[in-house]
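Asker: sequence unavailable; structure follows:
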């Protein structure tokens, strides 16, 4: 009986999210104000001379194959943790569990903590610091320094994590309200950002920098310090563009993540999923290209690239100049000076307009815990759903504990340097579901009819869906190779590799231990993987 293998005859989750909701969720995972905090110095510092717009356009080609792959996954197996369900049913449940746990862990660590909460604390710190400088208020500058400190960042991270946990448990209505309110603030913030950048030029920016940043090196002195630290003007060209593809790809990660992991709660997946996937990709390329172009033109390409290079490659030299990163909020605050209203709007829109992004990266991974539990791979308690709110509260609590743990590791250990594999693992992880898409038509012929019609057609006897999967697998293998072999992107450490290997081995151990445990109680949970979980 189905009810014997799975925890319940029904998931207990409700399909409350429509097309507009999913587009907002998918887009939030690709672009947003909080990601601009340190993304530009990170990209240009590691890739001097690279054109971001061109790199994004070229990197977008593999993402077309990836989105087509996740289109298939979303419509054929529209369940919570759909890519876990996909890999586990096409290959083997142990592979699905190990792959999805490592993937979830890499994305959560990289996007929620490393690229979300910590840059958010930077943005908050810069906003308060600039206000302190503007109004000559030592109390505000001191508060800004605290927010950028280890203790301040940890406090902000834990506070938001607890807030997100409460919101996720309280249900869909509040989640939707957060999405729409926060996105409205983000759109205002993007408009302000683009307007401020388009009205600035390197000459006026240099003058304002020297007027605002009293007590710190001048605009000219910072550029000179970068040259002294070893920076040389880049040659650029296609060599720089191609070398930047792995980092450009990171600007586009995420659209497939949110849109599919919660597919079990989405209405009309056949129309909603592809719309969200491709709109998030197109909007992401346009948003990042425009924002990067305007930023360089506003502050000076060579100046910004030089200090970004120093920040990325010579931390000691940079730290001797500035105590905070060359972040987007810092640049915008300097441009807006001395307009107190604009400074307030920058702060408000960054704060409110970034919340939905942080929330989505916290909330979505809880569906993996739910899916693993529903298949009885981990304790079934994680599949509990509140009957009134229809939310998996125990799975959300698990994400809360994981969040605090990783925040502590970031704050008090060498975790940021230990787990630089996070971004590499995020990208190369896509090879596994892509390969599952290659073999799917041959091993799951009964489900092939659920795929979009054009993907069921054959070229030289091979289904189009298999060709798409192969192209996605090859593309992300190549991007992963470039990322892993480039020391500016990935610095493999013994401890980092050990963590990744331990996660994989641990998951296989958990799977076979769970299989043995349930068999000893008269239940073969392996039979569950011969069918899809109930809706």
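Answerer: That came through fine. Because the structure is predicted, anything quoted here is derived from the model rather than measured.

Asker: name the surrounding residues that touch stretch 90-102.
Answerer: With C-beta atoms under 8 Å, 6 or more residues apart in numbering as the test, stretch 90-102 has contacts from 81, 83-89, 368, 372, 375, 377, 425, 429, 432-433, 436, 439-440, 443-444, 500, 503-504, 507-508, 510-512, 526, 529. Every C-beta, even on glycine, is put in place using the N, C-alpha and C of the backbone.

Asker: could you pull up the mean pLDDT of that stretch?
Answerer: For stretch 90-102, mean pLDDT rounds to 95.

Asker: what comes up buried for it?
Answerer: For stretch 90-102, the buried set under the neighbour-count rule, 16 or more other C-beta atoms under 10 Å, comprises 90, 91, 93, 94, 95, 96, 97, 98, 99, 100, 101, 102.

Asker: report the buried members of the contacts of stretch 90-102.
Answerer: For those, buried by 16+ other C-beta under 10 Å: 81, 83-89, 368, 372, 375, 377, 425, 429, 432-433, 436, 440, 444, 500, 503-504, 507, 510-511, 526, 529.

Asker: got a list of what residue 29 touches?
Answerer: Taking C-beta under 8 Å, 6+ apart as the test, what residue 29 contacts is 111, 253, 254, 255, 257, 258, 280, 357, 360, 361, 364.

Asker: can you give me the strands for the stretch 401-535 of the chain?
Answerer: 458-459, 462-463 (DSSP state E, counting those that start in this stretch).

Asker: how far does the first one sit from the chain's center?
Answerer: Here strand 458-459 shows a centroid-to-chain-centroid distance of 35 Å under the convention C-alpha atoms, centre = their mean, to the nearest Å.

Asker: what lines up beside it in the sheet?
Answerer: strand 462-463 (antiparallel) (DSSP bridges).

Asker: from the middle of its chain, how far away would the strand it pairs with be?
Answerer: That offset, for strand 462-463, works out to 33 Å (C-alpha atoms, centre = their mean).

Asker: same question for it, mean pLDDT?
Answerer: 94.

Asker: contact partners of that strand?
Answerer: 441, 448, 455, 456, 457.

Asker: filter the residues you listed down to the buried ones.
Answerer: 441, 448, 455.

Asker: out of the residues you listed, which one has the weakest pLDDT?
Answerer: Across the buried ones among the contacts of strand 462-463, the bottom pLDDT score, 87, is held by residue 448.

Asker: which residues does the residue nearest to that residue when sequence neighbours are not counted contact?
Answerer: Leaving aside its sequence neighbours, residue 448 sits nearest to residue 441 (C-beta to C-beta, 6 or more residues apart in numbering; 5.0 Å). If you count contacts by C-beta under 8 Å, 6+ apart, residue 441 has them with 448, 456, 463, 465, 466.

Asker: try 10 Å this time
Answerer: 72, 447-448, 451, 455-456, 458, 462-466, 469 (C-beta atoms under 10 Å, 6 or more residues apart in numbering).

Asker: from these, pick the one nearest residue 344.
Answerer: Relative to residue 344, the closest of the contacts of residue 441 is residue 72; by C-beta to C-beta it sits at 46.6 Å.

Asker: list the buried ones in the strand or helix carrying the closest one?
Answerer: Assigned by DSSP states H and E, residue 72 belongs to helix 52-76. Residues of helix 52-76 classed as buried: 52-56, 58-60, 62-76 (neighbour count, 16+ other C-beta under 10 Å).

Asker: how far does it sit from the chain's center?
Answerer: 15 Å.

Asker: stretch 452-472 now?
Answerer: Distance of stretch 452-472 from its chain centroid, counting by C-alpha atoms, centre = their mean, is 29 Å.

Asker: can you get me the start-to-end distance on it?
Answerer: Criterion C-alpha to C-alpha, to the nearest Å; first-to-last residue distance in stretch 452-472 is 17 Å.
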